[in-house]
Structures are given as structure tokens and as C-alpha cells.
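[1] quick one: sequence plus predicted model below, questions after.
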Amino acid sequence: MPRRPRIDLAGYHHVINRGVNRSDIFIEDGDYEVFLGIVCKACKAYGVVLHDYCLMSNHFHLLVETSRENLSLFMKHINSNYAIYANKKQKRSGHFWQGRFYSRYINSEAYYYTLIRYIEQNPIEAGLATRVGEYPYTLAALIANGQTPPSCTLHSKLLAELDYENIQEMIGVALNDEELKTLSEIQKQKVLTHDGTKSIAFSKTLGQHFRGKERNHAISLALQDGYTQANIAKHLGVSRSLVSKIVKNSGIFSTPDPYKKNSGVFSTPDPYKMIDKLGKSRTPFLFIISYDQSKIFVQALDKLDKDIYYKLEDWRNYPVKKRTKDFTFSKSPVAFTTYKKAFNKILKQIRSGNTYLLNLTFKTPIETNYSLKEIFTYARAKFKLYFKDEFICFSPERFVEIVGETIATYPMKGTIDANISQAKEKILADEKEMAEHVMIVDLMRNDLGIVGSKVKVEKFRYVEKIKAGKKELLQVSSKITAKLPEDWRDNIGSLLSQLLPAGSITGTPKKSTVDIINQVENFDRGFYTGVFGVFDGESLRSGVMIRFIEKEKGKLYYKSGGGITIDSDAKLEHNELVDKIYLPF
């Protein structure tokens, strides 16, 4: 009988493995420490958070959170490295583990907390302890004894929510029969497989899919989750034929739109496989990835749609034109009172330790006598994109650049009016701007460490002048580089998926900060703060999609924002958000 397909989706996983023939895997106290060290190194390498663990003598339990579909790679790193250590120490050979590993995918918060109780009560069930926190090789034991937890657990929910006083109250109560039954049912989750991609069916209710989301995008997500067009039509109170028509015309599919030749539009994770395929064949292509990676456009340059134009420094596919007519421009930015409410929510999260830096954004209605195409054509910026009269960006910020085997990123944090007296000295001496920049550099350095080696900060806080409408601004940037494997061109999609979303437009720590952004911001970012780029067959250039204008129902909206830290001033941050709303002519 074939084994049930392992669910490798991004999210929470309960992972178990044991020694071959149930033999001991930990012999001495030092073995437990070595194992946790290997786990933490794997967490850093693969972008994984360890939320809880229990190390028994002949098996282990890990509760981990992955941000990409790399659970198998993560566990291969742990299993192989510890097996090498243990076999050498115990002077043995042959298989060390009973198998690769066993895992359960967690698709509900209720199961998450039930599982923590199950994991922490393992020693009690084995007769090795009488209460949670007594057995030394669990996270709860470290909390109960005031010991320093492993670095890979610093963002654990358990660590954030437990202290010595409430351990027994929250996780010390034994599981009842109903809860044990729930754990058993999790093993029977249905896996959807489409074009080689696995997903959990019905991971959300239809109500959850449609709450706060644009309708067509929500329909796409619901279809990927296993719901039928009939299910969706009934939920929306519309005809099935209407849903079918939306699906055909929306341009968002889990496979290429069969009704639109060379559409290039996909929904994750399939597009990353196409990017890998184009890279392996050394085919030049353009890619555009939305902020949450739910929408991805990828198309070979020789087949690029005629209503898509790009510029990445001196790479472009349109002629230069000189602006000959005057332009009008007005903006209606978010009221300061509205901005401050969101700002205060973020400060509360910062004080709670859930984020240290968060990029808060809003969308602003604008009016101009110029079309999107005209704004794009005449805008002065290093990185520009025009997409089908739907949106444009004219960004000063590079995402990553790859030349040879060197990948480089240039995070930008900190701006000041260039006309202010001693502007350069003031921006470089500003402690708030310094703290914000240091955090982003550290985040991006860690991101490059996931995909490369020999990471180094080559230039730290250098200043460049950029045009912001009628103003000139000084922008502070840094340059970080790393060495990539020689075969990086065969895995461009995988590489990009590990780096996104861009740290400079989310914050740090990335995972929890993104969750807070989803709660606080009052609009869907869409492609704004996503990335776009071109692979020319040998090298890759890409930009972060900031300075962004989008057309919605015939009206134009400018999306902008800035980083918030504990030292931020609401009024100054609001002013910065407004200053970034301009046409760069």
C-alpha cells in the first residue's frame, strides 16, 4: 500500500522521527544539545521557526513553521547531520532513523494549541515526569526554569505566551478523548494535487476566503482550496455561469488561462516552476510577483505582450521620449487621524515584541491629466514597469541583482529633503533612521544567507540623490552580497520564492510583521511592494515595486508608506508618506 503523500506546504507542521528499531537516538545530555544546535542551524538556513519541541530518548517531536515548501529539505538537513554525528560517536554504521520522518500539517489554530499540549505531555505519558515542565528536554522546561531558549525558538508563540505561572493552566491539562480524536483526524487530511503541486482541501471556509478580499481573487483562492464553481456560486448567491465567466476572464489561474493565448498569469506555486524551467533553458524572461505571491506573471521576452513595458537601469523595451506637454497632479492623502490609529496599533505590537520595524502603507486617490502610459514613459527612475494599463511603478529601489555567481541587494531606508542645510550629515546622524536601516540590513543579510554563502555588507549607509517631483531627496542605502551555487540559473524560481516578500517593504521579523500588516492595513497591496525583474539568459536584475500607481474602476490610486519603529513620530511618518506621492518628472 503506497504511503500517504507528505504535505510539504508552507505553514505549521508537527514532525516526528525515531531511531531505527526504536533504538535510542540520545545517549548523553550532550547529544540533546548537539541535536538542538543542528535544528537551529537548519532553521536559519531554511527560514523555519521552531515553536515547540520534546526530545525523548528514542524519538523527537518538533512543531515548526515553514515559510516555503521546504519541509523535506529542512528535515533532510537535520536527519543527515545528526546521523553522521551519532554514528561516529557511537561507532556504528547503517541506518540510524526508522524512516525519513513523519509529519502532520496544521491548518487550524485550535489544533496548534492542542498539539502543544500533546507534545509537552509526552514525558508524562511515558512516566518520566508528573507535570509539564519537569522533563528537561522540552521548551516548556526552559521557560519553567528561566533558562535561555534556543535561538530558533525566539519567535515561538509558546515562548511569547507562556511564563512560569501560567504553564500548568495553559498546557498542563491532559488531553481528553475528543481532543485525541481530533489529532487522529488530522492525519486523514485530504491532499489536492494539481500539476505536481500539493495543497490541503478546504483549509478555509468560503466565508474566510471572501472576507476582506477582492471577489475575483477570492474565487481563485477558493478554487485552489478544492471548492467547486457550484459551491462558490451558492455562497455568493449568483449563477454558476457567472462564476464560470469570472474564472475565464479574470486572468488568475492555477494553470495558464486556456482561453487567453500566452497570458503568462498564474497563481502560486506553479509559476516558480515555470521560472525554473525558463532559467534552465537560459530563455530570457520577465517576471512580476505580487506582494503576497498570490499573483505571478512570467513570460519569455520574445513572446512578451505588446502592452507591457519595462526598464531596469539600461535594460528597456521601449523608446525614450521627451515630455512636451504640461501636467496637472493632485492628491487626497489619508487623514492624519486615520493614519495615527494604524500607527498606534503598530506601536502596541512593537512594545509587545511582535515586531521591531514595520512598513505601514496606504493608498491615496490622485488626479492627473496624464494617462498611466504617459506617466510611465516620462517618469525618471531606475526601475520602471507598465502593465496593461492596470498599474505602473517608477521605483528607485533594486531588489536583487545577480551577475556571475554573485547576488547583491541594496536595501533603502531613510530619506530627507536634499535642500535642508547639512541634509546628508543629519540623515546619517539620525538615530531612528540608523536603527531602522540596521534592522533592514540585518534582515536582508539573513535572507541572502538562505540562498548563498560568504555574505557580506560591502557598503553601509551610502547616500544617493533622487528626484521626487519638484523636490530632490537624499536616500540612504546599503549593499549586501553573497555567493550563489554555480547552478543558480537552474533554480531562479526557487531562489526568488525563498527571498520574498522583500524585507525592505515588510519589516522584521518578517513572518510576524507580515501578519500584523494584514491586520492593520485597510487595503489589498496587490502588486504594490512586490517585485519585477528580467533574466537575460545570463544575469538577473529586479526592482521593488514602490512609487506605484494603480487604476481601479477608472480612477487612479497611488500607494505609498514608510517604516515604523519604536522611535517613530506619527506626524513625521505621515508627512513622509505624503511626500512620496509624486510624479517624477
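    Done, it's in. Numbers count the residues shown, from 1 in each chain.
[2] all contacts plus neighbour counts: C-alpha atoms, from now on.
    Will do.
[3] just for the stretch 301-450 of the chain, where's the confidence low?
    For the stretch 301-450 of the chain, no stretch has pLDDT under 70.
[4] run through the strands of it in chain order.
    Remark: strands assigned in the stretch 301-450 of the chain by DSSP state E, counting those that start in this stretch are 308-312, 315-316, 329-331, 357-368, 383-387, 391-395, 398-403, 406-409, 412-417.
[5] which residue is the nearest non-sequential neighbour of Leu301?
    Spatial nearest neighbour of Leu301, excluding adjacent residues (C-alpha to C-alpha, 6 or more residues apart in numbering): Phe285 at 4.7 Å.
[6] am I right that that neighbour is in contact with Ser539?
    No: counting by C-alpha atoms under 8 Å, Phe285 does not reach Ser539; the two are 11.1 Å apart.
[7] the more surrounded of the two?
    Taking other C-alpha atoms under 10 Å, Phe285 and Ser539 do not tie; Phe285 has more neighbours (21 against 17).
[8] gap between the more buried one and Leu63?
    Distance of Phe285 to Leu63, computed by C-alpha to C-alpha, to the nearest Å: 39 Å.
[9] do Glu125 as well
    Relative to Leu63, Glu125 is positioned 18 Å away (C-alpha to C-alpha).
[10] between these two, who's got more neighbours?
    Counting neighbours by other C-alpha under 10 Å for Glu125 and for Leu63 shows that Leu63 has the greater number, 24 against 12.
[11] average pLDDT for the helix or strand hosting the more buried one?
    Element membership for Leu63, per DSSP states H and E: strand 59-66. The average pLDDT within strand 59-66 is 92.
[12] what do you get for stretch 282-299?
    Rounded mean pLDDT across stretch 282-299 is 91.
[13] gap between the two ends of that stretch?
    Using C-alpha to C-alpha, the end-to-end distance of stretch 282-299 comes out at 13 Å.
[14] what are the phi and psi values at the residue nearest to Leu301?
    Dihedral pair for Phe285: phi -150, psi 160, per degrees, to the nearest 10.
[15] likewise Ser156?
    Phi and psi for Ser156, reported as degrees, to the nearest 10, are phi -70, psi 140.
[16] so who does the closest residue to it other than its chain neighbours touch?
    Leaving aside its chain neighbours, Ser156 sits nearest to His51 (4.3 Å; criterion: C-alpha to C-alpha, 6+ apart). Neighbouring residues of His51 by C-alpha atoms under 8 Å, 6 or more residues apart in numbering: Leu62, Leu63, Val64, Glu65, Thr153, His155, Ser156, Lys157, Leu158, Leu159.
[17] let's see 10 Å
    Residues near His51 by C-alpha atoms under 10 Å, 6 or more residues apart in numbering: 12-14, 62-65, 112, 116, 139, 152-160.
[18] okay, now His235: neighbour count?
    Using other C-alpha under 10 Å, His235 has 12 neighbouring residues.
[19] can you count the residues close to Leu159?
    Leu159 has 17 neighbours, counted by other C-alpha under 10 Å.
[20] so it sits against Asp52, correct?
    Yes: judged on C-alpha atoms under 10 Å, Leu159 makes contact with Asp52 at a distance of 8.6 Å.
[21] what residues are shared contacts of the two?
    Joint contacts of Leu159 and Asp52 (C-alpha under 10 Å, 6+ apart) are Leu139, Ala140, Thr153.
[22] any chance of the residues you listed in JSON lines, with neighbour count and pLDDT too?
    JSON lines is the format used below for those (neighbours: other C-alpha atoms under 10 Å; pLDDT from 0 to 100):
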{"residue": "Leu139", "neighbour count": "25", "pLDDT": "90"}
{"residue": "Ala140", "neighbour count": "28", "pLDDT": "87"}
{"residue": "Thr153", "neighbour count": "21", "pLDDT": "88"}
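[23] if I look at the residue minimising distance to the centre of the chain, how far off is Phe532?
    Centroid check for the chain by C-alpha atoms, centre = their mean gives Pro501 as the closest residue, at 4.2 Å. As judged by C-alpha to C-alpha, Pro501 and Phe532 stand 12 Å apart.
[24] got any residues that touch both of those two?
    Joint contacts of Pro501 and Phe532 (C-alpha under 10 Å, 6+ apart) are Ile289, Ser290, Val544.
[25] wait, the last one sits on Gly530?
    In other words, Val544. Yes: when contacts are counted by C-alpha under 10 Å, Val544 is listed as touching Gly530 (6.0 Å).
[26] pick out whichever of those two has more residues nearby.
    Per other C-alpha under 10 Å, whichever of Val544 and Gly530 has more neighbours is Val544, with 29 against 24.
[27] so who does that one touch?
    For Val544, the contacting residues are 289, 291, 383-384, 393-400, 411, 501-502, 504-505, 527-533, by C-alpha under 10 Å, 6+ apart.
[28] ok, Val476 next?
    410-416, 424, 427-428, 433-434, 437, 460-465.
[29] which SSE is it in?
    Going by DSSP H and E, Val476 is in strand 471-483.
[30] narrow the shared contacts of Leu159 and Asp52 to those in helices?
    Judged by DSSP state H, the shared contacts of Leu159 and Asp52 include Leu139, Ala140 as members of helices.
[31] just the shared contacts of Leu159 and Asp52 now: which is nearest Asn491?
    The shortest approach to Asn491 among the shared contacts of Leu159 and Asp52 belongs to Thr153, at 29.4 Å (C-alpha to C-alpha).
[32] what's the neighbour count on the spatially closest residue to the closest one that is not a sequence neighbour?
    Leaving out its chain neighbours, the residue that sits closest to Thr153 by C-alpha to C-alpha, 6+ apart is Leu50, at 5.0 Å. For Leu50, the neighbour count with other C-alpha under 10 Å is 25.
[33] surely Leu50 is in contact with Leu63?
    Yes: Leu50 sits in contact with Leu63 when judged by C-alpha under 10 Å, with a separation of 6.1 Å.
[34] quickly list what's touching both of the two.
    Overlap between the contact sets of Leu50 and Leu63, as judged by C-alpha under 10 Å, 6+ apart, is given by Tyr12, His13, Ser156.
[35] buried ones among those residues?
    When the shared contacts of Leu50 and Leu63 are checked for burial by 16 or more other C-alpha atoms under 10 Å, the buried set is Tyr12, His13, Ser156.
[36] can you list those in JSON lines and add pLDDT and distance to Tyr558?
    Compiled in JSON lines, the buried ones among the shared contacts of Leu50 and Leu63 are given as follows (pLDDT from 0 to 100; distance: C-alpha to C-alpha, whole Å):
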{"residue": "Tyr12", "pLDDT": "83", "distance to Tyr558": "35"}
{"residue": "His13", "pLDDT": "87", "distance to Tyr558": "39"}
{"residue": "Ser156", "pLDDT": "84", "distance to Tyr558": "36"}
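[37] by how many degrees do the next helix-or-strand element following the strand holding Leu63 and strand 59-66 diverge?
    Sequence order places helix 71-90 as the next helix or strand after strand 59-66, per DSSP H and E. Angle of helix 71-90 versus strand 59-66, following axes from the mean of the first three to the mean of the last three C-alpha atoms, to 10 degrees, is 150 degrees.
[38] just the C-alphas of helix 71-90, formatted as CSV.
    Extracted in CSV, the C-alpha atoms of helix 71-90 (Å, rounded to 0.1, in the frame of the first residue of the first chain):
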residue,chain,number,x,y,z
LEU,A,71,10.0,20.9,5.0
SER,A,72,11.6,17.9,3.4
LEU,A,73,14.9,19.7,2.7
PHE,A,74,14.8,21.1,6.3
MET,A,75,14.4,17.6,7.8
LYS,A,76,17.0,16.1,5.5
HIS,A,77,19.5,18.6,6.8
ILE,A,78,18.6,17.6,10.4
ASN,A,79,18.4,13.8,9.9
SER,A,80,21.6,13.5,7.9
ASN,A,81,23.7,15.8,10.1
TYR,A,82,22.7,14.2,13.4
ALA,A,83,23.0,10.7,12.0
ILE,A,84,26.6,11.5,11.0
TYR,A,85,27.3,12.8,14.4
ALA,A,86,25.7,9.9,16.3
ASN,A,87,27.0,7.1,14.1
LYS,A,88,30.5,8.5,14.5
LYS,A,89,30.2,8.9,18.3
GLN,A,90,28.5,5.5,18.9
